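Novice: sequence and predicted model, in that order:
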Amino acid sequence: MHQKLTDAARQVLEEEFHSSPGEISWRRPQDPTHGDSTTVVALQLAKTLKKNPLEIAEKIAAKMRTLSDVEKAEVAGPGYVNIWFHPQVLLKELARTRTAATAKVSRKGPPVIMEYSQPNIAKPLGIHHILSTVVGQVLTNMHRHQGDNVLAWNYLGDWGTQFGKLAVAYKKWGGTKPASSLSLDELLALYVRFHEEAEKNEALEDEARATFRKLEQGDQELRAFWSAVVEITKKSLNVVYERLHVSFDLDLGESFYEDKMETVLEEGKKKGVFKEGEKGSWIVEFPEESNMPPYLVQKGDGATLYSTRDLAQMRYRIDTYHPQAIYIVTDIAQKLHFEQLEATCKQLGWELPTFENILFGRMRFADQKMSTRKGNILKLEEVLDEAVRRADKMIEEHGDAIQTDDRPALAEMIGTGALVYGIVSQNRKMDIVFDWDRMLSLDGNSAPYLQYTHARAKSVLRKAEFNEDDDSETPSIDTLTEKERLLLNTLLQFEGVVKDACSEHMPHILAQYLFELCQCYNAFYNSEPILKAEGEKRLLRLRLTSQTASVLRVGAELLTIRVPDRM
RNA sequence: GCGCCCGUAGCUCAACUGGAUAGAGCGCUGCCCUCCGAAGGCAGAGGCUGUGAGUUCAAAUCUCGCCGGGCGCACCA
């Protein structure tokens, strides 16, 4: 649609001004009365051409008026060129949105590895895990929607001294219950008790370290305990993941790299990239101008640490999957670590695929920080339950107006949706202070608004007995009302919005868009009769309604949110 | 001390990457269901975009300096 405009504009600029600009970009004006599309190219070129921007703009606009697609072209303000398309052109373009919202793309090419969630074994998911988990899943969904072959990877924290602590606590205070029958809550209680006791008895820490060493050396009894705990945790994690519509292709955790670190350490030392630091440790140093402190890759006692594992993991991922990209979704506190990791890989001479640490802000409570060790963890599952409770209460308040025949399912959909929407609708880099009412908002710019609008559109379509799969005939319309035009233009943006949200790894771009779409639709709905319209007008309005519904459904699903047909 | 992120309406957040009068939601005021779902819509009040300079035809956006908040800076991950 815009290619013709660009070509024509380019032609004018060459003929009249002997100029060939690199790129001519069209954008949607924020004020709908400024047309369907606008460009600032005249303003940008005015200086180099030493011409009045209005003169350039007028020449371009004059050319635009000669194009058959263009209904109207105006020059406005200091030199904007505003374009109105013929309704038929806009309507034909709607096919693209339809494709973007319905097409099943085939996924091919080297994989994109998306690492997210990263829970610790033996601990329930806390509310703070929702950030990495949901953002990662949304990015996975969006990349898949764009045709990428994504490998969704849950990197489990399933190894380390913390495990020795748990084993010690189980032995001392675990009672007679077999490990495999313990609940996650019981495991957490043991972990918390360990830290309480350790404050009085420092020897416990040593015992924990020694116990972990025994596990590493292959102690059978400990190994069995470890396996049992891993299983308990995974089972319990999956319950929450399912509620969030989150799933992974792989969950290879830290333990998986135990036997893969030695070769990396050897390589680094041999290449002189790893240098001896204090107390027999091994470090990587970076050039002064990089402003990065040294990176510890092996402890003084010879033990490895997370940096060692991440190096081994990088090597493994590259060798095994030959990915085109590796994305790791973590909170901002880990930024330096991943910068050092990347720089170290480069020093080692490794060829890296596209690598990005996708950062999000920190979540905290108004009064205190979250600490699993002290047990003051707010479990994600508890928050989900509370969200569902609130949703159910709201359903209750609507009384007879409720149309669903499965109230618990609806409450689940609305409650989880509300929590998730709160996360994905804001810029991921922002810190979040946890607040029940804010996190679980059910009114205004929130999940139920999307869900309601979808249900409302579906209701209209049902009453019209409209066949949504039939798009054979384009309504022959030559005028659009203001509301129709605005809704149509908004629908046309879907494809580009998903692309932007995906390439910038910003879910809130999509969430914001869906919210705006709902506003447009509801405004349209309130001022234009649909079922009572006649002939081509009715077809047009039903088509717009149908497209709105499918964009909302697909868009919400990309955000891991489900929308009902009735509510 | 050094480095990174953030600062926009009373509150929570947007602003298409430098473009037109900075927009939404919540809260506040007032309207709209004998028309398709009022979980909705319409209208109103509310801003020196933390602050001072600079670059530009054009700055919330880019540069530099301050102020406030968060985070990181070798044996946790």
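Specialist: All right, it came through fine. In this text, all values refer to a predicted model and were calculated from it rather than measured experimentally.
Novice: domain map for chain A?
Specialist: Domains of chain A are assigned by automatic domain parsing as A:2-85, A:390-558.
Novice: kindly check the end-to-end length of the last one for me.
Specialist: The reference is to domain A:390-558. End-to-end distance for domain A:390-558, by C-alpha to C-alpha, to the nearest Å: 24 Å.
Novice: how far off centre is it?
Specialist: 19 Å (C-alpha atoms, centre = their mean, to the nearest Å).
Novice: ranges for the helices of the stretch 351-500 of chain A?
Specialist: Along the stretch 351-500 of chain A, the stretches classed as helices by DSSP state H, counting those that start in this stretch are A:380-398, A:407-424, A:436-439, A:447-464, A:482-492, A:494-503.
Novice: how about those helices in CSV, adding mean neighbour count, distance to A:Ala343 and mean pLDDT?
Specialist: Just so you know, the C-beta spots here come from the backbone N, C-alpha and C atoms, and that holds for glycine as well. Listed next are these as CSV, based on neighbours: other C-beta atoms under 10 Å; distance: least, C-beta to C-beta, whole Å; pLDDT from 0 to 100:
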stretch, mean neighbour count, distance to A:Ala343, mean pLDDT
helix A:380-398, 17, 34, 95
helix A:407-424, 22, 31, 96
helix A:436-439, 12, 37, 90
helix A:447-464, 20, 41, 97
helix A:482-492, 21, 43, 95
helix A:494-503, 19, 24, 94
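Novice: which among the ones you listed is found nearest to RNA strand B?
Specialist: helix A:447-464 (3.0 Å; C-beta to the nearest atom of the strand).
Novice: got a list of contacts for stretch A:429-445?
Specialist: Stretch A:429-445 has contacts (C-beta atoms under 8 Å, 6 or more residues apart in numbering) with A:127, A:131, A:332, A:359-366, A:378, A:383, A:386-387, A:390-391, A:394, A:414-415, A:418-419, A:422-423, A:425-426, A:448-449, A:515.
Novice: turn the helices of the stretch 351-500 of chain A into JSON lines, columns for distance to A:Phe338.
Specialist: Converted to JSON lines, these look like this (distance: least, C-beta to C-beta, whole Å):
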{"stretch": "helix A:380-398", "distance to A:Phe338": "24"}
{"stretch": "helix A:407-424", "distance to A:Phe338": "22"}
{"stretch": "helix A:436-439", "distance to A:Phe338": "28"}
{"stretch": "helix A:447-464", "distance to A:Phe338": "32"}
{"stretch": "helix A:482-492", "distance to A:Phe338": "37"}
{"stretch": "helix A:494-503", "distance to A:Phe338": "20"}
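Novice: any chance of those helices in CSV, with distance to RNA strand B too?
Specialist: CSV is the format used below for those (distance: least, C-beta to the nearest atom of the strand, whole Å):
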stretch, distance to RNA strand B
helix A:380-398, 5
helix A:407-424, 6
helix A:436-439, 6
helix A:447-464, 3
helix A:482-492, 9
helix A:494-503, 6
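Novice: out of those helices, flag the one nearest A:Val264.
Specialist: helix A:494-503 (31.7 Å; C-beta to C-beta).
Novice: how about the next helix or strand after the closest one as CSV, C-alpha atoms only?
Specialist: The first helix or strand that comes after helix A:494-503 along the chain, using DSSP states H and E, is helix A:507-527. The C-alpha trace of helix A:507-527 is given here as CSV (Å, rounded to 0.1, in the frame of the first residue of the first chain):
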residue,chain,number,x,y,z
PRO,A,507,5.6,-7.3,25.0
HIS,A,508,4.0,-4.1,26.1
ILE,A,509,3.9,-2.7,22.6
LEU,A,510,1.5,-5.5,21.7
ALA,A,511,-0.5,-5.1,24.9
GLN,A,512,-0.9,-1.4,24.4
TYR,A,513,-2.0,-2.0,20.8
LEU,A,514,-4.7,-4.5,21.9
PHE,A,515,-6.0,-2.0,24.4
GLU,A,516,-6.2,0.7,21.8
LEU,A,517,-8.0,-1.7,19.4
CYS,A,518,-10.6,-2.4,22.1
GLN,A,519,-11.1,1.3,22.6
CYS,A,520,-11.6,1.8,18.9
TYR,A,521,-14.0,-1.1,18.7
ASN,A,522,-16.1,-0.1,21.7
ALA,A,523,-16.3,3.5,20.4
PHE,A,524,-17.4,2.2,17.0
TYR,A,525,-19.8,-0.2,18.6
ASN,A,526,-21.5,2.5,20.7
SER,A,527,-22.1,4.9,17.8
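Novice: now do the following helix or strand past helix A:507-527 and helix A:482-492, the angle between them.
Specialist: As assigned by DSSP H and E, the chain's next helix or strand after helix A:507-527 is helix A:535-558. If you take axes from the mean of the first three to the mean of the last three C-alpha atoms, to 10 degrees, helix A:535-558 sits at 40 degrees to helix A:482-492.
Novice: now do helix A:535-558 against helix A:494-503, angle only.
Specialist: 10 degrees.
Novice: helices or strands next to the one helix or strand A:Lys63 maps to in the packing?
Specialist: For A:Lys63, the host element (DSSP H and E) is helix A:53-65. Counting contacts by 3 or more C-beta pairs under 8 Å, 6 or more residues apart in numbering; DSSP states H and E, helix A:53-65 packs against helix A:2-17, helix A:41-49, strand A:70-76, strand A:80-85.
Novice: residues in contact with the helix or strand that the shortest one is followed by?
Specialist: The helix or strand immediately downstream of strand A:80-85 is helix A:87-102, counting by DSSP H and E. Residues from elsewhere that reach helix A:87-102 (C-beta under 8 Å, 6+ apart): A:1, A:36, A:69, A:71, A:471, A:474-480, A:485, A:488-489, A:491-492, A:494-495, A:498, A:540, A:543, A:547, A:550-551, A:553-555.
Novice: following helix A:87-102, which helix or strand shows up next?
Specialist: Per DSSP H and E, helix A:87-102 leads on to strand A:108-115 as the next helix or strand towards the C-terminus.
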